[in-house]
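S.K.: What shape does this take:
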Amino acid sequence: MEAGGQVAAVPDGDGLILADGRSVRLIGMQAPKLALGREDFQSWPLAETARAALAGLVEGHEVTLGYGGEKLDRYGRALAHVFVQTDAGRIWAQQALIAQGLARVYSFPDNRACLDLLFAAEGRARLGGLGIWADPYYSVRAADQPGELLDRVGHYELVEGRVHQAARTGGRVYLNFGRVWKEDFTAVIEAAGLRLFAKAGLDPLVLEGALVRVRGWVDERDGPRIEVTHPEQIEVLATR
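M.R.: Take a look at the predicted model:
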């Protein structure tokens with residue numbers, strides 16, 4: 001833990017500004033995004049609700065910062081877990097917002113600490129239909145509906161389905177969720193991601209036949225796909 005400071009402002013649901021001018025990005029989660037003056041960008045549903053919830057928790061309070069990976073992003077923001085002391089005890093801001101259904105777990109290959117606890121909080125909120133989980137905008141998508149996934153290109157999504165085939169080709173692994181790989185949904189793990197899988201003692205090829213949930217940004221290349229850069233992007237729901 002490191003000293004943080006007093007929170008002066010909360011511009012959105014996963015960022016805050018300290019009284020000394022430092023900006024902090026709450027790592028490990030993604031709250032609904034506000035437009036914040038960006039042209040051609042519409043705020044996501046519940047974005048202001050998430051911002052208000054974070055502000056109500058931390059604004060005007062002293063917070064402590066915890067780091068579990070890279071400490072700064074390219075914009076100079078601190079990448080931290082945020083803790084605030086309240087009358088009810090110390091509250092972990094990320095866990096609190098995810099538990100209310102006002103954020104999703106969102107991780108990076110160089111920042112993956114404490115994700116098991118955040119996944120648990122997200123799972124409870126999703127099962128309870130809290131916050132974003134009651135809004136179709138954030139629905140978990142079906143891997144066997146590639147047409148619907150193509151409509152979500154450029155969006156961060158959770159996609160569930162059974163891996164039809166897992167294959168290593170040209171230094172990368174493809175998890176194909178259908179028989180027609182040029183049209184169906186695919187999760188792709190490049191070489192850098194495979195090194196993190198190996199370091200964790202995981203072989204993605206054993207996922208063939210497994211029911212999984214993949215999270216990440218949807219793009220389009222021979223059908224809809226998500227690039228997996230680290231193991232935590234894939235949750236195994238059931239084996240063969």
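
S.K.: low-scoring stretches of the chain, by residue?
M.R.: 1 (pLDDT under 70).

S.K.: just the helices in it please.
M.R.: For the chain, helices defined by DSSP state H occupy the ranges 47-58, 93-99, 115-127, 146-150, 191-199.

S.K.: Let me have those helices in CSV, extended by mean neighbour count and distance to residue 133.
M.R.: In this view, the C-beta of every residue, glycine as well, is placed from N, C-alpha and C. Listed next are these as CSV, based on neighbours: other CB atoms under 10 Å; distance: least, CB to CB, whole Å:
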stretch, mean neighbour count, distance to residue 133
helix 47-58, 20, 13
helix 93-99, 24, 11
helix 115-127, 17, 5
helix 146-150, 16, 18
helix 191-199, 14, 27
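
S.K.: among the ones you listed, which is nearest residue 39?
M.R.: Of all the helices of the chain, it is helix 47-58 that lies closest to residue 39, at 16.6 Å by CB to CB.

S.K.: contacts for the closest one?
M.R.: With CB atoms under 8 Å, 6 or more residues apart in numbering as the test, helix 47-58 has contacts from 7, 10-14, 16, 26, 31-34, 82, 84, 91, 93, 96-97, 100, 102-103, 131.

S.K.: before we move on, back to that, tell me which of the helices of the chain lies nearest to residue 177.
M.R.: For those, the distance to residue 177 is smallest for helix 146-150, at 8.3 Å, taking CB to CB.

S.K.: just checking, what packs against the closest one?
M.R.: In terms of contacts (3 or more CB pairs under 8 Å, 6 or more residues apart in numbering; DSSP states H and E), helix 146-150 is packed against strand 141-142, strand 224-228.

S.K.: Okay, now the sheet partners of the shortest one, with direction.
M.R.: What it means is strand 141-142. Note on strand 141-142: by DSSP bridges, its sheet partners are strand 156-162 (parallel).

S.K.: between the partner strand and helix 115-127, how big is the angle?
M.R.: Taking axes from the mean of the first three to the mean of the last three CA atoms, to 10 degrees, one finds strand 156-162 and helix 115-127 inclined to each other by 80 degrees.

S.K.: How about residues contacting strand 156-162?
M.R.: Contact with strand 156-162 is made by 30, 104, 106, 140-144, 149, 177, 185, 209-218, 226, 237, as judged by CB under 8 Å, 6+ apart.

S.K.: Give me the residue at the spatial middle of this protein.
M.R.: Centrality entry for the chain: nearest residue to the mean C-alpha point is residue 106, 1.7 Å, by CA atoms, centre = their mean.

S.K.: Tell me the spacing between residue 156 and residue 215.
M.R.: Going from residue 156 to residue 215 by CB to CB, to the nearest Å gives 7 Å.

S.K.: Between the two, which is the more surrounded one?
M.R.: Neighbour count, other CB atoms under 10 Å: between residue 156 and residue 215, residue 215 has more, with 23 against 16.

S.K.: can I assume that one is in contact with residue 233?
M.R.: Yes: using CB atoms under 8 Å, residue 215 is in contact with residue 233, at 5.4 Å.

S.K.: shared neighbours of those two, anything?
M.R.: Residues touching both residue 215 and residue 233 (CB under 8 Å, 6+ apart): residue 226.

S.K.: so who does residue 93 touch?
M.R.: Counting by CB under 8 Å, 6+ apart, residue 93 touches 26, 54, 57, 58, 63, 81, 82, 83, 84.

S.K.: Quick check: the gap between it and residue 191.
M.R.: Distance, residue 93 to residue 191, by CB to CB: 35 Å.
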